[in-house]
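> Please work out how this folds:
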Amino acid sequence: MKNKKKKIAYKILRDFYKDNNTISVTLTGSYSENYNLKKSGDIDVIIICKKLNKKFFKQCIEKTKSFQHKIFKNHYKIIVNSTFGPIKFYKEKSIIFHLMIYDLKSHIEHTIKSPFTCYDWERSKLYLGKSLKELSPVNHLQLRDFYEARRNNKEYLNDILKGRISFRQYQFDKKKISLRKKYFILDNINKRDFIFHTINFLLINFIKFEKNKNFKVPDNEIDKKFYKIVKNKKDLKIFKKLRKFKKEKNNLNIEKPMQFALNFLKNYNDFIKSNINRSNQLFFIRHKKTSYKKNLFLGQKLDPHILNDKINNNLRNINFDHCYSSPSNRCLETANLIFNKKIQISNLIREINYGLAEGLTYNEIKKKFPFLIKDWDQNKDPRFPEGESTSDIFNRLKKFLIMIKKNKNKKILIVTHNVFLRCLIGYKFNLPYYQWYKIEINYSDLLEFIIFKNTIRSNIKRDKIYKILNKIYINYA
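Got it, this is the predicted structure:
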């Protein structure tokens, strides 16, 4: 029986994917996990296309409507929801298709602005073409997502207070496409389900962040987290009631649902703030620019000075408690501009030792040490003649991270180099080492990490993450 239902899911995928304009089609949500129309609120379909226009958009909607006869033999009426947001429609003997269509650029933007949603989508194994993770991965949830991302607890709170749901809808105006924010007024049942949806997903998102894992969180684990935050057995019982009412799609409700929701959100906000306050912050920065050419292999032997003493305001506004610096001039001079107390020098965070290749260009290395190029082309990690390999820097990095976790200061500045930071990002974003050279770290780039439950976790602005990793993922387009 399940195989028959699975075949229906793949028929839906194939019908969308056969269009030449389509890069990827993914079925997500509860339907992609159980293939059961009765247990699923709707069928979520994510389509990533090469070029988005009004014609393609309408074709996708018409194709979806055709499934009523083509796939479901008129046993169900097809309703298409082509908006972006948590609006749900329930109608007997109907199938709701939540159709979300993006071109690659808008999908990348959505990954940056809505990491919670996109992270959840990435769990689906039901897709054709490129996976969403290949096209623009969320990588993992970060603490800052809980107060910066779209659909964070602040936005949910505003919607609940106003008795409405905000959603977004495409507006096609000649050749220009825009997303218009609109609002859906909630009736009592929709309000009930939206309150449950809000609380449930806020809890799921934090559990995923805490475990640093993208998985289907079981109800009992959600309930444990609810109780840990609210510390009230009566409220937990009410939360379980909301889940039951939603699953049964009945017309029952709890007493004073708004008060219940607002009370939870207050506790949740306090819980997030306490986690922020408990987390030590590590600010890694690449030194300021020097007078040496960009395409030169600049390591430990050459020791130029920085070009100027200007520093970004965002650095001046952080009250650092402690500072580590590489012993090179370019790092120490950068550190002294930002931190006016004693700086601790660490050889562990020095630039890679290029050995005999120091000061050469790529073309000069190609002529003088052709074996290096040959090994790089084969995804190997050769050691520079009389110097180091990427693995050597990675070993230094691991020693430094173990050491810094013991530091009791709250805000720590670490001034270091390009290759060291590439190793840090590559390691923490679980990228294969042979791709680390594609990671782009700008001069004076500030990369924030936190120490959360004795583990070092990234906490970098998502638009910056995309810029840093752009060269790795851009080829999937």
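> which intervals of the stretch 1-150 of the chain have sub-threshold pLDDT?
1-2, 38-41, 88-92 (pLDDT under 70).
> Could you check how far Phe297 is from Ile441?
For Phe297, the distance to Ile441 (C-beta to C-beta, to the nearest Å) stands at 16 Å. (C-beta placed from N, C-alpha, C; glycine too.)
> quick one: the helices in the stretch 201-350 of the chain?
With DSSP state H, counting those that start in this stretch, the ranges of helices along the stretch 201-350 of the chain come out as 219-230, 233-248, 257-278, 313-316, 329-338.
> Looking at those helices, which is nearest to Ile450?
helix 257-278 (8.5 Å; C-beta to C-beta).
> mean confidence for that closest one?
Helix 257-278 shows a mean pLDDT of 92.
> Tell me the buried residues in that helix?
Pro257, Phe260, Ala261, Phe264, Leu265, Asn267, Tyr268, Asn269, Phe271, Ile272, Asn275 (16 or more other C-beta atoms under 10 Å).
> quick one: contacts of that helix?
For helix 257-278, the external contacting residues (C-beta atoms under 8 Å, 6 or more residues apart in numbering) are 143, 146-147, 153, 156-157, 160-161, 191-192, 195, 198-199, 202, 206, 226, 229-230, 235, 238-239, 254, 452.
> What is the burial count for Tyr354?
23 (other C-beta atoms under 10 Å).
> where does it land on pLDDT?
97.
> How about the contacts made by the residue nearest to it when sequence neighbours are not counted?
Spatial nearest neighbour of Tyr354, excluding adjacent residues (C-beta to C-beta, 6 or more residues apart in numbering): Gly299 at 3.9 Å. By C-beta under 8 Å, 6+ apart, Gly299 lies in contact with Glu351, Ile352, Asn353, Tyr354, Gly355, Glu358, Gly387.
> For Ile349, the count of nearby residues, please.
25.
> now do Lys182
Neighbours around Lys182, by other C-beta under 10 Å: 15.
> so what does the helix or strand that contains it touch, helix or strand wise?
Under the criterion DSSP states H and E, the helix or strand holding Lys182 is strand 176-185. Contacts defined by 3 or more C-beta pairs under 8 Å, 6 or more residues apart in numbering; DSSP states H and E place strand 176-185 against strand 164-173.
> for the stretch 351-477 of the chain, what spans make up the helices?
With helices called from DSSP H, counting those that start in this stretch, the stretch 351-477 of the chain shows them at 362-368, 370-377, 390-404, 418-428, 462-473.
> Output these as CSV; include the columns mean neighbour count.
Shown next, in CSV, are these (neighbours: other C-beta atoms under 10 Å):
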stretch, mean neighbour count
helix 362-368, 13
helix 370-377, 13
helix 390-404, 17
helix 418-428, 22
helix 462-473, 17
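> With Leu37 as the reference, name the closest of those helices.
Between those, helix 462-473 lies closest to Leu37; by C-beta to C-beta that is 34.5 Å.
> count of residues packed around Lys294?
Applying other C-beta under 10 Å, we find 8 residues neighbouring Lys294.
> ugh, wrong one, I meant Lys233
Neighbour number of Lys233 under other C-beta under 10 Å is 9.
> Give me the three-state assignment for Ile96.
strand (DSSP: H, G, I helix; E, B strand; the rest coil).
> For it, which non-adjacent residue is closest in space?
Using C-beta to C-beta, 6+ apart, the closest residue to Ile96 is Asp42 (3.7 Å).
> For Gly350, which non-adjacent residue is spatially closest?
That one is not Gly; residue 350 is Arg. In space, Arg350 is closest to Ser326, 4.9 Å off (C-beta to C-beta, 6+ apart).
> gap between the one you found and Ser346?
Per C-beta to C-beta, Ser326 is found 7 Å from Ser346.
> Same check on Glu62?
62 Å.
> cool, Tyr156 as well?
According to C-beta to C-beta, Tyr156 stands 43 Å off from Ser346.
> The residue nearest to Leu242 when sequence neighbours are not counted: how many residues sit nearby?
Spatially, and ignoring its direct neighbours in sequence, Leu242 is nearest to Phe196 (4.1 Å; C-beta to C-beta, 6+ apart). By other C-beta under 10 Å, the residues close to Phe196 number 21.
> Sweet, I'm off.
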